[in-house]
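Structure of the sequence below:
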Amino acid sequence: MRKRAAVLCGAAVVVAGTITAVPADASASPPADLARAAKLTWKKCGTTDHPTLQCASLKVPLDHANPHGRQITLALSRVPHTAKKYQGPLLVNPGGPGGSGLTLAGFVASALPKAVAAQYDVIGFDPRGVGASKPALNCGPGYFNPVRPDSVPGTHAIEKANLKRAKSFADACGRKYASVLPYINTVAAVRDMDSIRGALGAKRINYFGYSYGTYLGAVYAKLYPERVRRLVLDSIVDPTGVWYDDNISQDYAFNDRHRALMAWIAKYDTTYKLGTDPEKIEAKWYAMRAALAKKPADGKVGASELEDTFIPGGYYNGYWPYLAEAFAAYVNDKNDDPLVEAYENFAAVDASGDNGYSVYTSVQCRDASWPRDWDQWRKDNWAVYDKAPFMAWNNAWYNAPCAFWPTESKKPVNIANGKLPPTLLFQATNDAATPYQGGATVHRMLARSSLVVEQGGGNHGITLSGNACLDKYLAAYLTDGTVPRGHGEVDAVCRKLADPKPLSTKAASTSARGSTLHGLLGFRG
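Next up is the predicted model:
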């Protein structure tokens, strides 16, 4: 599950189709589903960063098998095309499940080369249950309020307390949203995407998804292959492991990334004064964890909250300098203020986070089967913890409501697909949230796909975050369908971006675009 990419060079290039001033499907007579589609009313909702952003809403059936039954509302955003050469809508999704895509549309439109972005209507959307869509789920407001029980169930009492929390959350979802939960899942969200396509008046869509958004896009492509024009998947979910096995795989990969942070801190001992031996630094981190389990910092940061604070460093190394400073201040100066600040900046959960988690659990628990016998969870997660302790139990409790979820599980979608045009995949070899094997697996499952690898990269979400090599392939594909073609399991390789420097150095700045992107993608997605 943690196989790393082999470096294969000498990629060839393939061009997928030709592009006219207006896609052929844009001028064709609309099919029957477009003739019946709801019309969208776009209104200005621009921000300082994205002044041309527009917003609209769309009614869709709660149950797509009953199109005339109860309706729910999806919130949409758009940055309209400005070029004469129009390539249709480009739907974007930041992952989750539970991530809001409204602002992502503005980000993607501004981060792509202007000439490329100008050819698309970049469309963001809040999937059902998320954000500005209605109803927006919030099963347990304040569920992550500190201080939570220690994630590691070292005693029966701690395990019982965590189990009680997880079950109470699942029960609350069942009470509040009994009529909605059966319809919060990936396939239902995909049906919604096709309703968006119809409302936009497009026969085919272009799609660009990060993280869980890669699974969403792959499932859309499986259900509607003839309606996919271009497909970009970045940081790819392994569709053969949804969702229990995928979470186990994450644990090992996040442990590796945490150790990479320890090695980075060791490199800058003159700054952090935590030593030059990564293993000894890691031991100091676990000693800090043990101390916080007994006495939480400022009554907020206990052992579980410390894990929450450092998990984002596994997603994006731009956070490493801040985490290292907080770590060093606690150990060397007995000062926990920077640690509390890091927790508030990277880990504290607000109402939006409560909503995102409610949708996350609703989708994952419904999408696929989970063990209902807690003995299985206990056995599997202690086995992981023995080898990869950093996130094992934290991740287990994050997903534990699925052991008690009030709806039955669906079967995962087999996304294998031989009916698509050339598609483009991006994967970092050391990604923790979606380990490398996911990209390799989807590359095999999607005929005519091309896989671009960031060799040695550990960030999650790698395009439009400062790596010009990756962005070159993305821009070429969105411009005219060009994809690289190699002669093995990898079609093109890009070098990773340099790791950040300590904040005290002149070269400390990380990619501003990268920081913005990772703020939009969030964590656990």
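
name the element R230 belongs to?
strand 228-234 (DSSP states H and E).

What average pLDDT does that strand get?
For strand 228-234, mean pLDDT rounds to 98.

who's in contact with that strand?
With CB atoms under 8 Å, 6 or more residues apart in numbering as the contact definition, strand 228-234 has outside contacts at 23, 25, 87-88, 90, 204-211, 213-214, 217-218, 220-221, 420-421, 423-427, 442, 461-463, 474, 477-478, 481. C-beta here means a position set from N, CA and C on the backbone, and glycine is covered the same way.

Just the ones of the residues you listed in strands?
Counted as lying in strands by DSSP state E, out of the contacts of strand 228-234, are 90, 205-210, 423-427.

In these, which residue is surrounded by the most others?
Y210 (35 neighbours; other CB atoms under 10 Å).

for it, what are its contacts?
93-95, 234-235, 461, 521, 525.

For the residues you listed, could you give me CSV that also reports distance to T155 and neighbour count?
Shown next, in CSV, are these (distance: CB to CB, whole Å; neighbours: other CB atoms under 10 Å):
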residue, distance to T155, neighbour count
N93, 41, 30
P94, 38, 25
G95, 35, 30
D234, 42, 30
S235, 37, 31
G461, 38, 27
L521, 36, 27
G525, 32, 24
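
And the pLDDT for F208?
F208 is given a pLDDT of 99.

actually R524, not the one I wrote
The model's pLDDT for R524 equals 70.

burial measure for it, as a count.
So R524, with other CB under 10 Å, has 24 neighbours.

again, but for Q71
12.

thinking it is in contact with L58, fair?
No: the pair Q71 / L58 is not scored as a contact, 9.8 Å apart, by CB atoms under 8 Å.

In contact with L503, which residues?
With CB under 8 Å, 6+ apart, L503 has these contacts: 321-322, 325.

Quick check: of those, which lies closest to E305?
Y322 (15.5 Å; CB to CB).

Need the nearest residue in space to the closest one, chain neighbours excluded.
Closest residue to Y322 apart from its sequence neighbours, by CB to CB, 6 or more residues apart in numbering: A342 at 5.7 Å.

check which helix or strand covers the one you found.
helix 337-346.

next SSE after that helix?
Immediately after helix 337-346, counting by DSSP H and E, sits helix 351-367.

Can I get that following helix as PDB, trimmed to CA atoms?
Provided in PDB are the C-alpha atoms of helix 351-367 (Å, rounded to 0.1, in the frame of the first residue of the first chain):
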ATOM      1  CA  ALA A 351     -18.800  25.600  12.700                       C
ATOM      2  CA  SER A 352     -17.500  25.100   9.100                       C
ATOM      3  CA  GLY A 353     -15.300  22.300  10.300                       C
ATOM      4  CA  ASP A 354     -18.200  20.700  12.200                       C
ATOM      5  CA  ASN A 355     -20.200  20.800   8.900                       C
ATOM      6  CA  GLY A 356     -17.300  19.300   7.000                       C
ATOM      7  CA  TYR A 357     -16.800  16.500   9.400                       C
ATOM      8  CA  SER A 358     -20.600  15.700   9.400                       C
ATOM      9  CA  VAL A 359     -20.500  15.300   5.700                       C
ATOM     10  CA  TYR A 360     -17.200  13.400   5.800                       C
ATOM     11  CA  THR A 361     -18.600  10.800   8.100                       C
ATOM     12  CA  SER A 362     -22.000  10.700   6.300                       C
ATOM     13  CA  VAL A 363     -20.300  10.000   2.900                       C
ATOM     14  CA  GLN A 364     -17.600   7.600   4.000                       C
ATOM     15  CA  CYS A 365     -19.800   5.600   6.400                       C
ATOM     16  CA  ARG A 366     -22.500   5.300   3.600                       C
ATOM     17  CA  ASP A 367     -20.100   4.700   0.600                       C
END
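
Packing partners of whichever helix or strand comes after that helix?
Later in the chain than helix 351-367, the nearest helix or strand by DSSP H and E is helix 374-387. Contacts defined by 3 or more CB pairs under 8 Å, 6 or more residues apart in numbering; DSSP states H and E place helix 374-387 against helix 244-267, helix 392-399.

Looking at those helices, which is nearest to G456?
That would be helix 244-267 among the helices and strands packed on helix 374-387, by CB to CB, at 10.2 Å.

The closest one: which residues count as buried?
244, 246-262, 264-266 (16 or more other CB atoms under 10 Å).

need the helix or strand of the protein with the lowest average pLDDT.
helix 24-27 (a mean of 39; mean pLDDT, DSSP states H and E).

Please look at G458 and G318 and confirm they touch.
No: counting by CB under 8 Å, G318 is not a contact partner of G458; they are 11.3 Å apart.

ok, back up a step: hey, C-alpha coordinates of the helix holding A342 in CSV?
These are the backbone C-alpha positions of helix 337-346, laid out as CSV (Å, rounded to 0.1, in the frame of the first residue of the first chain):
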residue,chain,number,x,y,z
ASP,A,337,2.0,29.9,23.9
PRO,A,338,3.4,29.1,20.3
LEU,A,339,1.9,25.6,20.6
VAL,A,340,-1.5,27.0,21.6
GLU,A,341,-1.3,29.4,18.7
ALA,A,342,-0.4,26.6,16.3
TYR,A,343,-3.4,24.6,17.5
GLU,A,344,-5.7,27.5,17.0
ASN,A,345,-4.3,28.2,13.5
PHE,A,346,-4.1,24.6,12.2
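
I'd like the mean pLDDT over it, please.
98.

Which residues in it does the neighbour count mark as buried?
Those would be 338-343, 346, for helix 337-346 by 16+ other CB under 10 Å.

R78 in helix, strand or coil?
Here R78 is recorded as strand under DSSP: H, G, I helix; E, B strand; the rest coil.

For stretch 267-278, which residues meet the burial criterion?
268, 271-272, 274-275, 278.

Mind putting those into TSV with secondary structure, pLDDT and distance to A172?
Output for these, formatted as TSV (DSSP: H, G, I helix; E, B strand; the rest coil; pLDDT from 0 to 100; distance: CB to CB, whole Å):
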residue	secondary structure	pLDDT	distance to A172
Y268	coil	98	45
T271	helix	98	45
Y272	helix	98	42
L274	coil	98	42
G275	coil	98	45
P278	helix	98	42
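
Now the two most distant members of those.
Farthest-apart pair in these is T271 and P278; separation 15.2 Å (CB to CB).

where along the stretch 401-525 of the chain do the helices fall?
Assigned by DSSP state H, counting those that start in this stretch, the stretch 401-525 of the chain shows helices spanning 436-445, 468-480, 512-521.

would you list these in CSV and tack on mean pLDDT and distance to S100?
Listed next are those as CSV, based on pLDDT from 0 to 100; distance: least, CB to CB, whole Å:
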stretch, mean pLDDT, distance to S100
helix 436-445, 98, 23
helix 468-480, 98, 22
helix 512-521, 90, 8
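
In a markdown table, list these along with distance to N394.
Shown next, in a markdown table, are those (distance: least, CB to CB, whole Å):
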| stretch | distance to N394 |
| --- | --- |
| helix 436-445 | 21 |
| helix 468-480 | 30 |
| helix 512-521 | 19 |
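
Go through those and pick out the most buried.
Ranked by mean neighbour count, the helices of the stretch 401-525 of the chain are led by helix 436-445 with a mean of 22 (mean count of other CB atoms under 10 Å).

tell me what it is packed against?
By 3+ CB pairs under 8 Å, 6+ apart, helix 436-445 packs against helix 212-223, strand 423-428, strand 449-455.

quick one: it to helix 244-267, angle?
Counting by axes from the mean of the first three to the mean of the last three CA atoms, to 10 degrees, helix 436-445 lies at 130 degrees to helix 244-267.

where along the stretch 1-150 of the chain do the strands fall?
12-15, 43-44, 54-61, 71-79, 89-93, 121-126 (DSSP state E, counting those that start in this stretch).

wait, which of these is closest to A170?
Minimum separation from A170 across the strands of the stretch 1-150 of the chain (CB to CB) falls at strand 71-79, 21.8 Å.

Give me the mean pLDDT for that closest one.
98.

in it, what's buried?
72-79.

Could you check the angle it makes with strand 54-61?
150 degrees.

List the contacts of strand 71-79.
40, 42, 45, 50, 52-62, 101-103, 105-106, 109, 117, 121-128, 131-135, 192, 195-196.

Stretch 338-356 now?
So stretch 338-356 is in contact with 96, 98-100, 129-131, 136-146, 297-298, 300-301, 305-306, 308-309, 311-312, 319, 322-323, 325-327, 329-330, 357, 522, going by CB under 8 Å, 6+ apart.
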